[in-house]
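> predicted coordinates and the sequence they were generated for:
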Amino acid sequence: MTDKFLRTRIHMGTYAVTGSASGMGSAVTERLSTAGHSVIDVDLRDAQINVDLATPEGRSAAAAAILERSGGALHGAVFAAGIGPLPGPDRAFRIMQTNYLGTVELLTALRPALAAGGDSRAVVFGSNSPTVMPHVPRAVVRAIRAGKIERAVRRVRVFGRAAPNFAYAASKLAVTDWARRAAVTPAWAGAGIRLNVIAPGPVKTPLLDEELVDPRAAKAFRSFPNPIGELGEPGHLADWVMMMLSPSAAFMSGSVVVVDGGAEAWFRAGEWPRPVALRQLSRYLWRWRAYARTASPDHAGPSGRSLSESHR
């Protein structure tokens, strides 16, 4: 992807990137900076804003610093900060705090700045893990979504050594669920913010290197289905993110882009897309009517074109 392409395809402006010091976040930061954009980067260390997103204080400090540096207007934000499923007594707690609250609370705090930026983009890093890992407890996901992290941690402790793995998958499922629900609301889509999720599979990052130090984890990893037969590169994912930040993503809202070498398709090729089941019809119709009550044919979006004009 050339610098000229990036300059013509993405609005020149100010972008915030979390998890910028390494891996995919670093690759995104490099591409944005190379294209001439102003990047406000956030990480534990080696960034403009060094904070711990696993703590409320760190999240508040990050939000305040980004808003100050951006002057209250952002053209985009990328949330790549995350903690992997390594062993440790407080690991599950930190995973949920960082991967869920570190995205949701910070992104919510930045929403007014994204709205002020006009026709802005936000990309959340999910994962393919919730869709390829069996038996991720819905009760854990619900607890995370409710902000009851201690309750979620207690529920995953029953998995023993595997607790961090379940915490990781549940945190990524929870943040994806939040993003999809928020993305299509007036506060986001209606404010001109295109909020979408990218769900990577195994990528050559320091996070993955740390996980594979454990011989058992490495053995399981080598045997796991990978139709492509190789790991993803941080740059591959960064290129996808750049597209999701560009005008090409103007018609994307609440989408999940899976970039995982084919693992999810290997396990669940027949599970999506699926038609609306008869048992889901009442909720489907309720959602349709709810939208009809809040929108009109002449509603104008950020483009200034009404829905009726779009179909002429």
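Now that the structure is in, tell me what you want to look at. Numbers count the residues shown, from 1 in each chain.
> in the stretch 101-250 of the chain, which spans are helices?
When assigned using DSSP state H, counting those that start in this stretch, the helices of the stretch 101-250 of the chain occupy the ranges 102-117, 129-132, 138-145, 149-156, 163-183, 206-211, 215-223, 234-245.
> which neighbouring elements make contact with the first one?
I take that to be helix 102-117. strand 14-18, helix 56-70, strand 76-79, strand 120-125, helix 163-183, strand 193-200 (3 or more C-beta pairs under 8 Å, 6 or more residues apart in numbering; DSSP states H and E). C-beta: built from backbone N, CA, C; applies to glycine.
> ranking the helices of the stretch 101-250 of the chain by burial, who's on top?
Most buried of the helices of the stretch 101-250 of the chain, by mean neighbour count (mean count of other C-beta atoms under 10 Å): helix 163-183, with a mean of 24.
> which other helices and strands contact it?
Using 3+ C-beta pairs under 8 Å, 6+ apart as the contact criterion, the neighbours of helix 163-183 among helices and strands are helix 91-96, helix 102-117, strand 120-125, helix 129-132, helix 138-145, helix 149-156, strand 193-200.
> lowest average pLDDT across the ones you listed?
Mean pLDDT per stretch puts helix 129-132 lowest among the helices and strands packed on helix 163-183, at a mean of 91.
> from the chain's centre, how far out does that helix sit?
Per C-alpha atoms, centre = their mean, to the nearest Å, the displacement of helix 129-132 from the mean C-alpha position of its chain is 14 Å.
> again, but for stretch 113-131
Between the centre of stretch 113-131 and the centre of its host chain there is 6 Å, according to C-alpha atoms, centre = their mean.
> again with stretch 274-291
Taking mean C-alpha positions (C-alpha atoms, centre = their mean), stretch 274-291 and its chain are 26 Å apart.
> check stretch 262-280 too.
Between the mean C-alpha position of stretch 262-280 and that of its chain there is a distance of 21 Å (C-alpha atoms, centre = their mean).
> got the contact list for it?
The contact list for stretch 262-280 (C-beta atoms under 8 Å, 6 or more residues apart in numbering) reads 128, 131-132, 199, 201, 224-228, 258, 284.
> list buried residues within the residues you listed.
The neighbour-count criterion (16 or more other C-beta atoms under 10 Å) marks 128, 131-132, 199, 201, 226, 258 among these as buried.
> include distance to A265 when you put those into CSV, please.
Below are the buried ones among the contacts of stretch 262-280 laid out as CSV (distance: C-beta to C-beta, whole Å):
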residue, distance to A265
N128, 10
T131, 10
V132, 10
A199, 12
G201, 11
N226, 11
V258, 8
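> go ahead and flag the most central residue of this structure.
V124 (1.8 Å; C-alpha atoms, centre = their mean).
> nearest to L208, of the contacts of stretch 262-280?
G201 (10.2 Å; C-beta to C-beta).
> how close does the closest one sit to L237?
Summarising the geometry, the distance separating G201 from L237, computed by C-beta to C-beta, to the nearest Å, is 10 Å.
> so what sits against both of those two?
V259.
> residue contacts, the nearest residue to F159 once chain neighbours are set aside?
Residue nearest to F159 in three dimensions, not counting chain neighbours: F166, with 5.1 Å by C-beta to C-beta, 6 or more residues apart in numbering. By C-beta under 8 Å, 6+ apart, the contact list for F166 reads 92, 133, 136-137, 140, 156, 159.
> what's the farthest-apart pair in these?
When C-beta to C-beta is used, the two most widely separated members of the contacts of F166 are A92 and M133, lying 14.7 Å apart.
> look at the two and report which has more neighbours.
Taking neighbours as other C-beta atoms under 10 Å, A92 and M133 compare with A92 leading, 28 against 19.
> about what we covered before: so who does the residue nearest to the centre of the chain touch?
79, 103, 107, 175-176, 179, 195-198.
> R161 now?
With contacts taken as C-beta under 8 Å, 6+ apart, R161 has the following neighbours: P87.
> and what of V175?
Contacts for V175 (C-beta under 8 Å, 6+ apart) come out as 99-100, 103-104, 124, 126, 197.
> ok, now R151?
A143.
> hmm, back to that, got JSON lines for the helices and strands packed on helix 102-117, with distance to P247 too?
Shown next, in JSON lines, are the helices and strands packed on helix 102-117 (distance: least, C-beta to C-beta, whole Å):
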{"stretch": "strand 14-18", "distance to P247": "15"}
{"stretch": "helix 56-70", "distance to P247": "20"}
{"stretch": "strand 76-79", "distance to P247": "12"}
{"stretch": "strand 120-125", "distance to P247": "9"}
{"stretch": "helix 163-183", "distance to P247": "17"}
{"stretch": "strand 193-200", "distance to P247": "10"}
